[in-house]
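Student: the sequence and its predicted three-dimensional model are supplied below.
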Amino acid sequence: MLKSAKDQSPRVINVDQNKAYPPAIEELKNESVLAVTSQLRQCKYLNNILEQDHRFIKRRVNPGLGFSSFNTAYRTIKGYEAMNMIRKGQIEGVGRKDILGQVRFAAGLFRIAA
């Protein structure tokens, strides 16, 4: 679920120069999903790090022709992100090369038998 603006909202949102972003951000602010104080920065290069980080998601989503609903996309991308964090060694107590530790962590995370 999306958090409301009072829970936590970004100070600045860096995006490329797509014309769809300003109206979308305004709509989120009007619906109180995003804080009114959040700033939108449209710059071609500021979001390159983020673009590179979610490049792996695009490789998985595009062959599947996208998602049929927002909830399907949300749950699937959450799983992709979790698995990518494990692969990159961003889990405390589980090293990047500790394959068995990664398997145990994923099994506990998704409540599956390993």
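Tutor: Nice, thanks for sending it over. Residues are numbered from 1 along each chain as shown.

Student: would you put the C-alpha positions of the longest helix along the chain in PDB?
Tutor: Identified as the longest helix of the chain according to DSSP state H is helix 70-87. Written as PDB, here are the backbone C-alpha positions of helix 70-87 (Å, rounded to 0.1, in the frame of the first residue of the first chain):
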ATOM      1  CA  PHE A  70      -1.600  -1.900 -10.200                       C
ATOM      2  CA  ASN A  71      -1.700  -4.400  -7.400                       C
ATOM      3  CA  THR A  72      -0.100  -7.100  -9.600                       C
ATOM      4  CA  ALA A  73       2.700  -4.700 -10.600                       C
ATOM      5  CA  TYR A  74       3.200  -3.600  -6.900                       C
ATOM      6  CA  ARG A  75       3.500  -7.200  -5.600                       C
ATOM      7  CA  THR A  76       5.700  -8.400  -8.400                       C
ATOM      8  CA  ILE A  77       8.100  -5.500  -8.400                       C
ATOM      9  CA  LYS A  78       8.300  -5.800  -4.600                       C
ATOM     10  CA  GLY A  79       9.500  -9.400  -5.100                       C
ATOM     11  CA  TYR A  80      12.000  -8.400  -7.800                       C
ATOM     12  CA  GLU A  81      13.400  -5.700  -5.600                       C
ATOM     13  CA  ALA A  82      13.800  -8.100  -2.600                       C
ATOM     14  CA  MET A  83      15.600 -10.600  -4.800                       C
ATOM     15  CA  ASN A  84      17.800  -8.000  -6.300                       C
ATOM     16  CA  MET A  85      18.800  -6.600  -2.800                       C
ATOM     17  CA  ILE A  86      19.700 -10.200  -1.800                       C
ATOM     18  CA  ARG A  87      21.800 -10.700  -4.900                       C
END
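
Student: packing partners for it?
Tutor: Here helix 70-87 touches helix 55-61, helix 99-110, going by 3 or more CB pairs under 8 Å, 6 or more residues apart in numbering; DSSP states H and E. Every residue, glycine included, has its C-beta placed from N, CA and C.

Student: can you list the buried residues in it?
Tutor: Buried residues in helix 70-87, defined by neighbour count with 16 or more other CB atoms under 10 Å: Ala82, Ile86.
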